[in-house]
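In: Structure, please.
(2 chains)
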Amino acid sequence: MTRAPAPARDAAAEPATGSVRRYRHGPGFWAGRVLLYALLALFLVPVLFPVYYMFVGAVMEPRELSTFPARLLPTGITTDSIRGALDAVPLMRMYGNSVVMAGIITACQLATSALAAYAFVFLRFRFSAIVFALFLSTLMVPQEATFIPNYLTLTGWGLGDSYAGLVLPFLAYAFGTFLLRQSFKQFPRELFDAARIDGMGHLRFLWTILIPLNKPALTAVGMYVFITSWNMYFWPLIITRTTEMQTLQIGLNSLRVGEAANPGLLLAGAALSVIPTLALVVLGQRFIVRGLTAGAVK
Amino acid sequence: MPEPTHTRPETGPPERGGPPARPRRSRERSREARLAWAFLAPSVLVFAVFLVYPLGRTVYLSMHGNDIIGEPNRFVGLSHFAEMASPAYVQVLVTTLLFTLGVVVPGVVGALAVVLLLEGVIRGQKFFRGAFALPFAFSVASASVVFVVFFSPGNSVLNGILYRLGLDQVPWLTSQEIALWSVCITTVWMNLGYGVLVLAAGIGSIPREINEAARIDGATGPRLAWNVTVPLLGPQLFFLIVISTINALQSFGQIHILTLGGPVGSTTTLVYSVYQDAFAFGTSDFGRASAQALVLLVVVLVCTAIQFGVIERKVHYS
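Out: Next up is the predicted model:
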């Protein structure tokens, strides 16, 4: 928020009313400040408490978590819960599965979206506008409505409980096409024509010029896709059967078995699983905001 | 984007080139079209196999009964849809509605309150915004298992806090009346960061002069927020309400982890009911589940259509 520099003014006549004063700060201003920060804290504490308790609980003595009332501050630090969680469920294997799954989906969606967006922006073909509208309309379908047939299709192909089964339905998604089309359209047409006249092929133009110049948009799409597929729950739950193929998100739920004995297992598992996305959110917030809010299309 | 002069119209022969150039140009044109379709092919293939075909198959399955392994074996017409009027399924629809309201209303109001308060913060606004966005990093599963611990009767973090404050214990997940609201609390917590990001982006796009002008007219603090900022946030608020509604309708992981739809079905929403009929307990009742999936589809389609309709009128994205 920006505010004009406050011009000097006789403070003596300033009554203690009004929450925010533009001029010399009287007691009313400070009352407003205190109220503002108190209200903010009222929201901030419940928002941050689960984050705090997850990390603290992950390294607390397990028996301190099982007392009533549960301790909110640790007396010591131990890796018991973390090691316990890794022993109870093959979390590292599942970590790998999640990385592979989210990585393949992200790479493929970037490729399919970039190609499709290129066709919509730089190539002329009949029904271009209609095809684009059809692409957009696929965004209206909730994925849950397709899961039963997709489950039947993929298990029918013998791809249940496999990486292919995990990723195949998500290799293309019109949201990425939409965002990249917006971005590609900013590219000056004259430069495109110049490159074409110089004999540059479409694929080479896409790869050597367009993609490097559209890195911010590609990063936004990539982060968005990676986080949403990393966080997928329903599909991995139904398509995988064995712990070897399960993703981290499903593995977290498996930790519930040991929860009664040690709730620290759940907190440790959650903490381990959150670290990559937490890093992305903290480091790449501007890209994420762009991906989430652009076009106001889910 | 302004079209450059040398761009030819989509159809109809270009007159400028003259007759000799035309065969070459049209050949080039059809080559370009073939290339376009080749570029679109991967996406079209995925959509056809995993989106369009499934919709058709869902309709087919919804009108068929099936044996215990889910193989459709008889045509039942619309009777699966008629069953949706039975008390058990009406309960599912009511639960879905309550859950949606219990997530959307506090979520949107909370996010709005947070961004308006943040407007009053002079220093460290970025820090606060980042802090509020933190839950966004949590997957449904990680947020849900943290709340499993919070709600657990064994150690009970939340009940422990209530106990310290001298308040009564709450049967968070074991009471039929309360479990749904506990799932709502979890969901609101994990979605708040997203709402804050969306509305903060909206506030960032409000021209500075508008705030300055309002200030000069004497609007300050709460009055400025309510009379100037909130109306200008209209499009973002609308977007957030629709997206939150769609997300709530599709919520699954938190229910699966926290309550498994119970106790006594009190947290079984439409999506969870689809899962239960199709995949849980080895039931494989794909017919009944497909009928419910179609109901879900229609509800979400209506929400999205409203959104597209309104945004189409307000925003130009071409």
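
In: any idea how far stretch B:30-47 is from the chain center?
Out: Relative to its parent chain, stretch B:30-47 has a centroid offset of 30 Å by C-alpha atoms, centre = their mean, to the nearest Å.

In: likewise stretch A:135-152?
Out: 20 Å.

In: how about it: buried residues?
Out: A:135-136, A:138-152 (16 or more other C-beta atoms under 10 Å in any protein chain shown). The C-beta positions use only the backbone N, C-alpha and C, and glycine is treated the same way.

In: Go ahead and confirm residue B:214 touches residue B:228.
Out: Yes: Residue B:214 is within contact range of residue B:228, at 4.6 Å (criterion: C-beta atoms under 8 Å).

In: still on that earlier bit, return only those of the buried residues of stretch A:135-152 found close to chain B.
Out: Residues of those in contact with chain B (C-beta under 8 Å from any C-beta of the partner chain): A:135, A:138-152.

In: Among the buried residues of stretch A:135-152, which lie within helices?
Out: A:135-136, A:147-152 (DSSP state H).

In: quick one: which of those is nearest chain B?
Out: residue A:149 (3.6 Å; C-beta to the nearest C-beta).

In: Wait, the closest one touches residue B:52, no?
Out: No: counting by C-beta under 8 Å, residue A:149 sits too far from residue B:52 to count as a contact (10.4 Å).

In: secondary structure element for the nearest residue to residue A:122 once chain neighbours are set aside?
Out: Closest residue to residue A:122 in three dimensions, ignoring its sequence neighbours and counting by C-beta to C-beta, 6 or more residues apart in numbering or on different chains: residue A:192, at 6.2 Å. Taking DSSP states H and E as the definition, one finds residue A:192 inside helix A:189-197.

In: returning to that earlier point: closest to residue B:65 out of the ones next to chain B among the buried residues of stretch A:135-152?
Out: Each of those was scored against residue B:65 by C-beta to C-beta, and residue A:148 proved nearest at 14.8 Å.

In: quick one: that closest one and residue B:288, what's the gap?
Out: Residue A:148 sits at a distance of 11 Å from residue B:288 (criterion: C-beta to C-beta, to the nearest Å).

In: picking up where we left off before, please report how far the residue nearest to residue A:122 lies from residue A:119.
Out: On the measure of C-beta to C-beta, residue A:192 and residue A:119 end up 14 Å apart.

In: of those two, who's got more company?
Out: Legend: neighbour count by other C-beta atoms under 10 Å in any protein chain shown for residue A:192 and residue A:119, higher for residue A:119 (27 against 19).

In: Could you report the pLDDT at residue 185?
Out: Going with chain A. The predicted local distance difference test score for residue A:185 is 91.

In: switch to chain B, that's the one I care about
Out: At residue B:185, pLDDT is 96.

In: and it, what element?
Out: Assigned by DSSP H and E, residue B:185 belongs to helix B:179-204.

In: Name the next helix or strand downstream of that helix, please.
Out: Downstream of helix B:179-204, the next assigned helix or strand under DSSP H and E is helix B:208-216.

In: Mind listing what's buried along that following helix?
Out: Result for helix B:208-216 [16+ other C-beta under 10 Å]: buried residues B:211, B:214-215.

In: Equivalent analysis for stretch B:171-188, please.
Out: B:172-173, B:178-188.

In: Identify the residues contacting the residue nearest in space to the middle of chain B.
Out: The residue lying closest to the centre of chain B (C-alpha atoms, centre = their mean) is residue B:247, at 2.5 Å. Neighbouring residues of residue B:247 by C-beta atoms under 8 Å, 6 or more residues apart in numbering or on different chains: B:103, B:191.

In: what about it, which helix or strand?
Out: Secondary structure (DSSP H and E) places residue B:247 in helix B:234-249.

In: Next, the angle helix B:179-204 makes with that helix.
Out: Angle, helix B:234-249 to helix B:179-204, by axes from the mean of the first three to the mean of the last three C-alpha atoms, to 10 degrees: 150 degrees.

In: heading toward the C-terminus, what's the first helix or strand past helix B:234-249?
Out: Next along the chain after helix B:234-249, taking DSSP H and E as the criterion, comes helix B:253-258.

In: average pLDDT across that following helix?
Out: Here helix B:253-258 scores 94 as its mean pLDDT.

In: quick one, the next helix or strand after that helix and helix B:234-249 angle?
Out: Using DSSP H and E, the next helix or strand after helix B:253-258 towards the C-terminus is helix B:270-278. Calculated by the same axes, to 10 degrees, helix B:270-278 forms an angle of 20 degrees with helix B:234-249.

In: hang on, the earlier thing: any chance of the buried residues of helix B:208-216 in JSON lines, plus distance to chain A and pLDDT?
Out: Shown next, in JSON lines, are the buried residues of helix B:208-216 (distance: C-beta to the nearest C-beta, whole Å; pLDDT from 0 to 100):
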{"residue": "B:211", "distance to chain A": "8", "pLDDT": "76"}
{"residue": "B:214", "distance to chain A": "12", "pLDDT": "79"}
{"residue": "B:215", "distance to chain A": "7", "pLDDT": "75"}
